[in-house]
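S.K.: 3D model of this:
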Amino acid sequence: MYKYSDHARKRMASRKISEDDVKAAIENGELEFTKIDEKGRGMEYTHSIELKDPFWRKIMVGWTYDKDDILILTLYEIKRKWS
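M.R.: Okay, here's the model as predicted:
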């Protein structure tokens, strides 16, 4: 089951990213990185997944595990790659 932080819900609303977009990213996206939480928020790892072609939009989802659930922390649309 997916759960969303308040921050993630605000980002979804402001960026018009649906729950279906988030689900597609997690199920079909490519893992960009996993990092250990250094801020001690009680989450051991944070994962970032990028949903790429052939999907109509590219989004990045930051998430972690919350017991048996996936907790969505933040997300955004990728408009371009930084060099």
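S.K.: can we go C-alpha only for contacts and neighbour counts from here?
M.R.: Noted.
S.K.: Arg9 in helix, strand or coil?
M.R.: helix (DSSP: H, G, I helix; E, B strand; the rest coil).
S.K.: what's the spacing between it and Tyr2?
M.R.: 12 Å (CA to CA, to the nearest Å).
S.K.: When these two are compared, which one has more neighbours?
M.R.: Per other CA atoms under 10 Å, whichever of Arg9 and Tyr2 has more neighbours is Arg9, with 19 against 14.
S.K.: average pLDDT for the helix or strand harbouring Tyr65?
M.R.: Using DSSP states H and E, Tyr65 falls within strand 59-66. For strand 59-66, the mean pLDDT works out to 82.
S.K.: Buried residues of the helix or strand that comes right after that strand, list them for me.
M.R.: Per DSSP H and E, strand 59-66 leads on to strand 69-77 as the next helix or strand towards the C-terminus. Along strand 69-77, these residues count as buried under the neighbour rule (16 or more other CA atoms under 10 Å): 71-77.
S.K.: mind putting the residues you listed in CSV, distance to Glu32 and pLDDT included?
M.R.: Converted to CSV, those look like this (distance: CA to CA, whole Å; pLDDT from 0 to 100):
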residue, distance to Glu32, pLDDT
Leu71, 17, 90
Ile72, 15, 91
Leu73, 15, 88
Thr74, 14, 86
Leu75, 13, 86
Tyr76, 14, 81
Glu77, 14, 79
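S.K.: picking up where we left off before, tilt between the strand holding Tyr65 and strand 69-77?
M.R.: 160 degrees (axes from the mean of the first three to the mean of the last three CA atoms, to 10 degrees).
S.K.: For strand 59-66, enumerate the helices and strands it packs against.
M.R.: Contacts defined by 3 or more CA pairs under 8 Å, 6 or more residues apart in numbering; DSSP states H and E place strand 59-66 against helix 19-28, strand 45-51, strand 69-77.
S.K.: Alright, I will stop here.
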